[in-house]
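A.B. asks: predicted coordinates and the sequence they were generated for:
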Amino acid sequence: MTNNEDFLDEIGDNHIATNAKNPLRSDAFDITDDQKIELIKKDVENILLTLGMDLTDDSLKGTPNRVAKMFVKEIFGGLNPAKKPNASTFINNYKYGEMLVEKNITLYSTCEHHLLPIIGRAHVAYISNGKVVGLSKMNRIVEYFAKRPQVQERLTMQIVQELQRVLNTEDVACVIDAKHLCVNSRGIKDIESSTVTSEFGGKFKNEATRREFLDYIKFDTQF
């Protein structure tokens, strides 16, 4: 490999993010989902043929189409801003002023370096500044930003930034603990390790508030 290819491999193997936003082209949505599925279908078919697979076999005939639909409609559906959840907020009439924590949100994402799964849990908290958001919307926000080629650090930041925008407060925190199959199933093949990332805003930068949040989610890692 050339030096540039070595450098790019090093970025991927070390899971280094190069952009705080998902790197999308300006023409990303100039074609429809159905058109994308047809194009991806042909690419998946070519990959399988190149690998030597017999696509006349009944088990494989539908695989290119299934994979293409899965990419566009499911695991990368969060790239499309039209699918962004409408996180309705409500006035905090009952004056609840303490921390609200939604923990153990199941998280499925995809590593943008190897296109292998990231599987884990997100723990999200906020302190109301006059607004509250429906509990299921917190899960949907996590899911939306997870359903795209990702790096975990960026995902953690995006969840916090979106809730800060929705709730009009800096007092939002997120911790993600996830396994990366690009580490667990290839490369170093360490099946036990997981990756922990965190983002603390506003009052959560205070050690006591941060510790209260971590105690709620029973997390022992020191930040």
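C.D. replies: Good, I have the coordinates.

A.B. asks: all helices of the protein, in order?
C.D. replies: 3-13, 33-50, 58-61, 63-69, 135-146, 152-167, 181-184, 207-216 (DSSP state H).

A.B. asks: what bridges to the nearest residue to Leu100 once chain neighbours are set aside?
C.D. replies: Excluding the flanking residues, the one nearest Leu100 by Cβ to Cβ, 6 or more residues apart in numbering is Tyr126, at 5.8 Å. Yep, even glycine has a C-beta here, placed from its N, CA and C like the rest. Residues in a beta bridge with Tyr126, per DSSP bridges, are Leu100, Val172.

A.B. asks: can you check Val132 too?
C.D. replies: Under DSSP bridges, the beta-bridge partners of Val132 are Phe90.

A.B. asks: please renumber the chain so that the first residue is 27 from this point on.
C.D. replies: Done: numbering now begins at 27, and the last item shifts to Val158.

A.B. asks: how many other residues sit next to it?
C.D. replies: Val158: 17 surrounding residues under other Cβ atoms under 10 Å.

A.B. asks: and it, how far from Gly227?
C.D. replies: As judged by Cβ to Cβ, to the nearest Å, Val158 and Gly227 stand 17 Å apart.

A.B. asks: same check, this time on Cys208
C.D. replies: With the distance defined as Cβ to Cβ, Cys208 ends up 29 Å from Gly227.

A.B. asks: neighbour count: the two, which is higher?
C.D. replies: Legend: neighbour count by other Cβ under 10 Å for Cys208 and Gly227, higher for Cys208 (21 against 18).

A.B. asks: which residues touch the residue nearest the centre of the chain?
C.D. replies: Taking Cα atoms, centre = their mean, the centroid of the chain lies closest to Ala172, which sits 2.3 Å from it. Residues in contact with Ala172, defined by Cβ atoms under 8 Å, 6 or more residues apart in numbering, are 104, 133-135, 144, 181.

A.B. asks: ok, now with 10 Å
C.D. replies: Going by Cβ atoms under 10 Å, 6 or more residues apart in numbering, Ala172 touches 101, 104, 131-136, 144, 146, 148, 178, 181, 184-185, 202, 204.

A.B. asks: give me the pLDDT for the residue of the chain positioned farthest from its centre.
C.D. replies: Ranking residues of the chain by C-alpha distance from their mean position (Cα atoms, centre = their mean) puts Thr82 at the top, at 35.3 Å. At Thr82, the model reports a pLDDT of 97.

A.B. asks: Ile42 too?
C.D. replies: Looking at Ile42, the pLDDT reads 63.

A.B. asks: again, but for Glu238
C.D. replies: Glu238 carries a pLDDT score of 97 in this model.

A.B. asks: burial measure for it, as a count.
C.D. replies: Glu238 has 15 neighbours, counted by other Cβ under 10 Å.

A.B. asks: residues contacting it?
C.D. replies: Each residue near Glu238 by Cβ under 10 Å, 6+ apart is listed here: 124-125, 127, 151, 230, 232.
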